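Colleague: model the structure of this input:
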Amino acid sequence: QVQLVQSGGGLVQPGGSLRLSCASPGITLFHYAIGWFRQAPGKEREGISCTSSGDYSTYYSDSVKGRFTISRDNAQNTVYLQMNSLKPEDTAVYYCATTWRYDYCAPNEFDDWGQGSQVTVSE
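Modeller: Here you go, the predicted model:
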């Protein structure tokens, strides 16, 4: 099983920024598709940004397009989610996940998950 270690998150005011990180001590993330997902209380987990292995294909949901950016630092074997212009509706637990096969940015397409990071956007 692939271990993914997340960091980042926290409390931020509306309009602020946060960066989430996702690293793995056991695999080379560049060879995997990576997804960022979030789950708000009472809601289903949703895919907000995914990138294929080698970054040939990148997806953003309409709710985050233009505000969030997924990126890799291959030297650090880490994937990031930069979140700008945060809104209260972005409040959720955020997860990174990996898969060998990438067709859709949907939770059931991904195999291994990070531990989750709480992001709260509030005054």
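Colleague: show me the strands in the chain, by range?
Modeller: Using DSSP state E, the strands of the chain run over 5-7, 10-12, 18-23, 33-39, 46-51, 58-60, 68-73, 78-83, 92-99, 112-113, 117-121.
Colleague: check these for me and report the most buried one.
Modeller: Comparing these by mean neighbour count (mean count of other C-beta atoms under 10 Å), strand 33-39 comes out on top with a mean of 24. Placement of C-beta: from N, CA and C, glycine included.
Colleague: show me what that strand is packed up against.
Modeller: Applying 3 or more C-beta pairs under 8 Å, 6 or more residues apart in numbering; DSSP states H and E, one finds that strand 33-39 contacts strand 18-23, strand 46-51, strand 68-73, strand 92-99.
Colleague: before we move on, back to that, residue 106 is nearest to which of the strands of the chain?
Modeller: strand 46-51 (5.5 Å; C-beta to C-beta).
Colleague: and that closest one, how far from the chain's centre?
Modeller: Relative to its chain's centre, strand 46-51 lies at 7 Å (C-alpha atoms, centre = their mean, to the nearest Å).
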